[in-house]
Each structure stands twice: as C-alpha cells, then as structure tokens.
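Peer 1: kindly generate the corresponding structure for this input.
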Amino acid sequence: MQFAAQKCVFIHVPKTGGNFFTRCFLRFSDDAIVTSGHQDGTDRFELSGDATKSKHQTLAEYSQLIGPAFADYTAYAFARPPVERMISLYYSPHRWMRAQEGGGFGLDPRNEPINLEEFETLVSANKSISDLLDIKNVSGRLTINKSARHASGARVSLLDFADLRHGLETFGRENGFDLTDMPGKKVNSSAVNDPMKLNTGQMRDLTNIVMRSHHGKDQKLFRENGLKGVFDGFIGWFR
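Peer 2: Below you'll find the predicted structure:
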C-alpha cells in the first residue's frame, strides 16, 4: 500500500495483520480495494493504485515502480515467526472458501490437522518475509527498534505482530494519521479456532518443513538481529 504524501509504503506480509492494517489506513492511502470471485472487499480483496499492482507487493517491486523517489521512502512491515505464520496461512479463509448452492461463497470449516504434503507445497509456493522485504539488499541491523537501509536508499522499519495495536499506533503516529476511531472487529479469522492446539501432535514435522524451506532464513535473520520478543517462543521447536 502506498502513501505518496507521507513517502511510505506498507509491505503486506500474508498473515501478519495486513487486512486489519488496510481497514485502518486505506482512507489515507493512494490505493483502492478491488474484488473478484470469492473476495468480499472486507476480509478478502486486492489493492490497486499507481504504484500498487497487488496487495502483497514486494519492497523491490515498489522500488522499481516508484523509481529514484523511493530513496526518500520508508517501507513498513509486520514481523511474525515463520512457523506460526505458515500454519495460519494454511487455515486462511481464502483457501477454504467454496461456492454455495444458493449462490455466493461460504467458508468450509476445517476440523482436521494439517496435511503435511499439502503444507509443504504451500510453504514452498509462498514468499518469506525476507523475500518480501528484499533482505539481501538491506544493510544494517534490522530490528523492531532499529530500522535499516535498502539499496534504493529507502528506510525499512519492522513492526511487531505480537503487539499489533502498538504497531498500528506507531505507524499512525510517525505518519500523522488519526487512529482515534481504530476498528475493533477482528478480520480474516482462521478457518479453525485454535490451529496450534489442533496440530500439537505434528508440530515437529511442521517446524522441520518450514525451517528447511526458504522461510528458515527468516528465523535466522530476525533472531540474529534482536527480535527476541517476536521469535523466542518458537526457538524450542528447533532444538
């Protein structure tokens, strides 16, 4: 999502509160919601704008589309542990919407643990946080409390998914947006009530799949760079 007047973009990492972020800040942005198929414009939608061609656009794509002016921008994103994020993505409503006999679409509730083969395919097909933020071209120590610089010159700033409201307030404060009427309703809820509990018996297998994939570098990068509050709860799975 682009905010040209404030010279910033939001990189929507899937399953890190991005839809709620959109609900809070769309009115201030240069983008608009577009829908198709099962998308309802509230929990499921796409974004479109002069420099936004997809909701999950990467930092590198914004840099290319905005051009030299991107050097003065700040790119924000929320950080979430990769194993937790991939499990949440598996149960994401957009994957379980089905056409209804009477017309329209409805959510097909999930009551079974994750299919490991299907999970591995999903993990392989989706970008990591490092991919979305073009980390290979970011220099400096990137933490929640300290930004770093992209090769384009843009500042990269991570927000903490574990404290979503504080992250939203930080973004609003830094860019002069009024959030006194922040929405209270949760959006894009999982297709199961407690996916972590449902998959307790196969957590080691799920963890191994994620850590062997390109998402594994998220854990290594962010832990080495000080995001202990976000990632420490999952370190025990890797020992």
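
Peer 1: CA only for contacts and neighbour counts going forward, please
Peer 2: Will do.

Peer 1: what comes up buried for the longest helix that the chain contains?
Peer 2: Determined from DSSP state H, the single longest helix within the chain is helix 164-175. Within helix 164-175, the residues that qualify as buried by neighbour count (16 or more other CA atoms under 10 Å) are Leu164, Gly167, Leu168, Glu169, Phe171.

Peer 1: for stretch 153-165, same thing?
Peer 2: For stretch 153-165, using 16+ other CA under 10 Å, the buried residues are Gly153, Ala154, Arg155, Val156, Ser157, Leu158, Leu159, Asp160, Phe161, Ala162, Leu164.

Peer 1: grab the nearest non-local neighbour of the first one.
Peer 2: Excluding the flanking residues, the one nearest Gly153 by CA to CA, 6 or more residues apart in numbering is Ala71, at 4.1 Å.

Peer 1: quick one: the helices in the protein?
Peer 2: 18-25, 59-66, 82-90, 116-125, 129-132, 164-175, 195-198, 203-212, 216-224, 228-235.

Peer 1: please flag which of the buried residues of stretch 153-165 sit within strands.
Peer 2: Among the buried residues of stretch 153-165, the members falling in strands (DSSP state E) are Arg155, Val156, Ser157, Leu158, Leu159, Asp160.

Peer 1: and the first one, how far is that from Pro113?
Peer 2: Taking CA to CA, to the nearest Å as the measure, Arg155 and Pro113 are separated by 40 Å.

Peer 1: how about Lys197?
Peer 2: From Lys197 to Pro113 the distance is 9 Å (CA to CA).

Peer 1: neighbour count: those two, which is higher?
Peer 2: Pro113 (15 against 10; other CA atoms under 10 Å).
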